[in-house]
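Colleague: got a sequence here, can you model it:
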Amino acid sequence: MLPNILDEEAHQFEKEEHHPALEFPQLHIIESVEESKALNGRHDPMVIISASGMAESGRVLHHLRNNIENPNNTILIVGWQAPDTLGRRLEEGDKIVRIFGQVFERRAEVVDIKAFSAHAGQDLLLEYAQSTQKTLKQLMLVHGETDQAHALMDKLAGVGIKNVAYPALYDTREL
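Modeller: Here you go, the predicted structure:
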């Protein structure tokens, strides 16, 4: 968590809401690159939680590089992974992956729990879209796979939001 980039609402949530997943004595928030690098030298049991999306950039790549070949490790994927990303390749069970141009044999277990799936987020997206309906001119879906995007478009139409587009790859739109 990076407190310097949180808005006031997020700061308020952090103060008032104590989520049990983030409230235990062994939790240590790593904020600096140096602290993150230091994890790579440790060999004691630990859980590294990363918000690097599709495992395509950021510190998670270093952690994966240093831990992916150890069969005692588990890589837990909790959200949707875009096609052709390292996260998707791990999710699909690829045994050989490239990280920073180097080839690694995945010996770590990979578990996908789909905790942050599109299905869970659709209700919030629908709620948000409805709350902006009076000023909404057009809504463009630019994330997700085609089937899921079309399903969301149908749900949006079902709540009265008609001007929804799902641009094709490389389409351009003037805003």
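
Colleague: ranges for the strands of this protein?
Modeller: 74-79, 96-99, 102-105, 109-116, 139-140, 164-165 (DSSP state E).

Colleague: and of those, who's closest to Ser36?
Modeller: Evaluated over these, closeness to Ser36 peaks at strand 96-99, with 15.5 Å, by Cβ to Cβ. All C-beta atoms are positioned from the backbone trio N, CA, C, and that covers glycine.

Colleague: what part of this structure, helix or strand, is modelled with the least confidence?
Modeller: Every helix and strand in the chain was compared by mean pLDDT, DSSP states H and E; the lowest is helix 8-16, with a mean of 72.

Colleague: redo the strands of the chain as a markdown table? Include distance to Leu126.
Modeller: Formatted as a markdown table, the strands of the chain follow (distance: least, Cβ to Cβ, whole Å):
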| stretch | distance to Leu126 |
| --- | --- |
| strand 74-79 | 19 |
| strand 96-99 | 36 |
| strand 102-105 | 40 |
| strand 109-116 | 16 |
| strand 139-140 | 11 |
| strand 164-165 | 11 |
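
Colleague: nearest to His62, of those?
Modeller: strand 96-99 (8.7 Å).

Colleague: show me what that closest one is packed up against.
Modeller: helix 59-67, helix 86-91, strand 102-105 (3 or more Cβ pairs under 8 Å, 6 or more residues apart in numbering; DSSP states H and E).

Colleague: relative to Gly160, which of those is closest?
Modeller: Comparing these by Cβ to Cβ, helix 86-91 comes nearest, at 34.1 Å.

Colleague: okay, the residue of the chain most remote from its centre: pLDDT?
Modeller: Distance from the C-alpha centroid of the chain, by Cα atoms, centre = their mean, peaks at Lys134 (30.1 Å). For Lys134, the pLDDT comes out at 86.

Colleague: tell me who's in contact with it.
Modeller: Under the criterion of Cβ atoms under 8 Å, 6 or more residues apart in numbering, Lys134 has no neighbours.

Colleague: now it: how far from Glu9?
Modeller: 21 Å (Cβ to Cβ, to the nearest Å).

Colleague: now Met46
Modeller: In terms of Cβ to Cβ, Met46 sits 31 Å off from Glu9.
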